[in-house]
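# missing the sequence, but the structure's below:
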């Protein structure tokens, strides 16, 4: 990972003039389905900006642009230097060490961020204050998006993040942006970020699809004969995995169990599991996507071409699907409840909630293969969008292109010679509602 070599980029450490900087504010709101990569984009941006500041620091100390930073660690002297010029990196309560932000738990509602850094445009150095909010993607946070729809300014940037490896996730991101801009005549400036392009390529490989499909079908065949099954999932409390046993009733497999079966099938069949590509977050998210494709397709087939009923079906399904983070059997409960109730009571309640979308056994091979194929076909619905940026949030590719675009759009809007007054952070504005 490093600063991208773009002909139009303003991230040019050797051209930064620290003695004369004009201040500009750019406000950006990140929305999109849960686990689409919004927080990871901001974490990686923090790392890229830290590397950028290190280069400027080294140049200012030695006047030798070719000298690399001695260490990637953030030294005390570098921090003192940066803060002396008013440069800063913050996500939520974490300052400077942005890589310490945890991705294990969902963004709880919304979190604010603030990145202040130098930027060169048309020979002038600007001190850019990139501020805004990272909004939780689950539909339990819809009220935050409703409020955002009222206070987001036409001058603000709305960054909509899509997970290209998950088709249904992309539909949810589309629904989120519609909910924010509906009933408005003055739209904010919208930027579409298509994330996880490397994961999309990975799951479209024939060998991957065949391997995962075979593993899923073997597990389903086993429980079809015995009418009972067992699997392991990571525990919300502690680091040990939990072993869950269950029985099949009325020859139907509920969504939470199907999701967990697919999750373990990917873990056992994918050699890339536990790498950055197939991280725990990506594996859980993809498991939910494939399980959802199977469950929804089965139910939709029973309805046929009755459009009104299909609309109601999708509404009911997405209300459950996007309510919590995967795995459903795990993230549909709170850790405090897990300590007070017996496992059988907790999981029984979750299965009951999903009972309408249970799938009859056995599940046909063609349905499993179709679900896997549809999961990775999000590109079809994203191809006609404008102002699209492809990103790999983990590796950092494409992220600085987005920030270049935002920064230059903000500079064009206010004009080269104007100095924008600092605006109140969006998080403070929420206190009025």
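Cool, the structure landed. From a predicted model like this one, the values you see are computed outputs, not experimental measurements.
# low pLDDT regions in this structure?
1-7, 63-74, 104-109, 139-141, 143, 237-238, 304-307, 332-344, 387, 415-433 (pLDDT under 70).
# mind listing the strands for it?
Using DSSP state E, the strands of the chain run over 21-32, 88-91, 94-95, 110-121, 124-135, 157-163, 189-195, 228-234, 241-247, 252-253, 359-360, 388-391.
# From the chain's centroid, how far away is the first one?
Put plainly, it is strand 21-32. 19 Å (C-alpha atoms, centre = their mean, to the nearest Å).
# One more: the fifth one?
Relative to the mean C-alpha coordinate of its chain, strand 124-135 is positioned 20 Å out (C-alpha atoms, centre = their mean).
# now the angle from that strand to strand 157-163?
Put simply, strand 124-135 runs at 60 degrees to strand 157-163, going by axes from the mean of the first three to the mean of the last three C-alpha atoms, to 10 degrees.
# Equivalent analysis for the first one, please.
Between the axis of strand 21-32 and that of strand 157-163 there is an angle of 40 degrees, by the same axes, to 10 degrees.
# Strand 21-32: partners in the sheet, and parallel or antiparallel?
Strand partners for strand 21-32, identified by DSSP bridges, are recorded as strand 124-135 (parallel), strand 157-163 (parallel).
# Does residue 390 have any beta-bridge partners, and if so which?
Once the bridges are assigned, which here means DSSP bridges, residue 390 pairs with residue 194.
# Then residue 110?
Here residue 110, judged by DSSP bridges, has bridge partners residue 135.
# For the strands of the chain, give me JSON lines that also has distance to residue 265 and mean neighbour count.
Every C-beta, even on glycine, is put in place using the N, C-alpha and C of the backbone. Converted to JSON lines, these look like this (distance: least, C-beta to C-beta, whole Å; neighbours: other C-beta atoms under 10 Å):
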{"stretch": "strand 21-32", "distance to residue 265": "27", "mean neighbour count": "22"}
{"stretch": "strand 88-91", "distance to residue 265": "34", "mean neighbour count": "20"}
{"stretch": "strand 94-95", "distance to residue 265": "35", "mean neighbour count": "16"}
{"stretch": "strand 110-121", "distance to residue 265": "33", "mean neighbour count": "21"}
{"stretch": "strand 124-135", "distance to residue 265": "31", "mean neighbour count": "22"}
{"stretch": "strand 157-163", "distance to residue 265": "20", "mean neighbour count": "26"}
{"stretch": "strand 189-195", "distance to residue 265": "24", "mean neighbour count": "22"}
{"stretch": "strand 228-234", "distance to residue 265": "10", "mean neighbour count": "15"}
{"stretch": "strand 241-247", "distance to residue 265": "15", "mean neighbour count": "14"}
{"stretch": "strand 252-253", "distance to residue 265": "13", "mean neighbour count": "20"}
{"stretch": "strand 359-360", "distance to residue 265": "15", "mean neighbour count": "16"}
{"stretch": "strand 388-391", "distance to residue 265": "28", "mean neighbour count": "18"}
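# Minimum distance to residue 215: which of those strands has it?
Proximity of these to residue 215 was assessed by C-beta to C-beta; the nearest stretch is strand 228-234, lying at 12.3 Å.
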